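# attaching a predicted model along with its sequence, questions to come.
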Amino acid sequence: MKSEYNNNGYYLIESALDNDIVSRLIAELSVFEKEMNNYGIRNLMNKVPYIRELANSTHLLSVVCEILGDKAKPVRSVFFDKVPEANWNVAWHQDTSIAVKSRHAATGFGPWSIKQGVVHVEPPVEYLANTLTLRIHLDETNSESGVLRVVAGTHSKGRISSKQILDTVEHAEIIECNAKPGDVLLMSPLLFHSSRKATAPSHRRIVHIEYTALALPTPLEWYESA
């Protein structure tokens, strides 16, 4: 697993979570169904205690620590759903920002932004290179539901411009990360990734949890760190 992840920037663990956990996650996340913009909920661990419990479980941490080491901890969580009213193409990109509790001057950190009331900033690239994302699938994910598409190995390029990403993708093999409920995809935030519109939109629910073993320079703090 670690070797393939390091080489490719992603790795799929099939049937990582059983049906009971998937059902519990769907039930817990149903509280957002009547909210506006419920296709993208940030600050998930603080809003749904079960998500934090699962993120810190031996079940997931054992996987994370194999990649990042024993000091790894969850620091950010988001719920994504590709429903009919939020069904659009997501352009090729890297995930280049982190969520912090408040803004403070720090060398190499910037630009800054606010997303759903949470302060975000682009950190030095070593923070991104030492972050691991777990994408927990609650539905079958395929081309019909707007599956995640990646270009293997591109995480090793560091943080690069949108134009460089598009130039690389134009000549690269594109891989669709098909998955079933309970599958967990490990992914580097620096991996080039995108998704197309679902051709048969219903649900494509993903719990996205980011882990790192790195501490931020004082006084910066990870927004969702316990």
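Everything's here; your move.

# His104 is in what secondary structure piece?
Per DSSP states H and E: His104 is located in neither a helix nor a strand.

# what is the burial count for it?
15 (other C-beta atoms under 10 Å). The C-beta positions use only the backbone N, C-alpha and C, and glycine is treated the same way.

# next one: Asn38, what pLDDT does it get?
pLDDT, Asn38: 64.

# now do Pro181
97.

# so which helix or strand of the chain has the lowest pLDDT on average?
strand 40-42 (a mean of 86; mean pLDDT, DSSP states H and E).

# tell me what it is packed against?
Using 3 or more C-beta pairs under 8 Å, 6 or more residues apart in numbering; DSSP states H and E, the elements in contact with strand 40-42 are strand 73-80.

# what pairs with the strand it packs on, parallel or antiparallel?
Strand 73-80 has the following strand partners under DSSP bridges: strand 40-42 (antiparallel), strand 206-212 (antiparallel).

# so of those strands, which one's packed in deepest?
Comparing these by mean neighbour count (mean count of other C-beta atoms under 10 Å), strand 206-212 ranks first with a mean of 23.

# and Glu176, what are its phi and psi?
Main-chain dihedrals, Glu176, degrees, to the nearest 10: phi -90, psi 130.

# the residue nearest to Cys177 when sequence neighbours are not counted: neighbour count?
Once flanking residues are discounted, Cys177 sits nearest to Leu148: 4.5 Å by C-beta to C-beta, 6 or more residues apart in numbering. Leu148 is flanked by 24 other residues according to other C-beta under 10 Å.

# tell me the contacts of Leu148?
Shown in contact with Leu148 (C-beta atoms under 8 Å, 6 or more residues apart in numbering): 135, 141, 176-177, 185, 193-195.

# buried residues in the helix or strand that the least confident helix or strand of the chain is followed by?
Once the chain leaves strand 40-42, the next helix or strand it forms, by DSSP H and E, is helix 44-47. For helix 44-47, burial by neighbour count (16 or more other C-beta atoms under 10 Å) applies to 44-45, 47.
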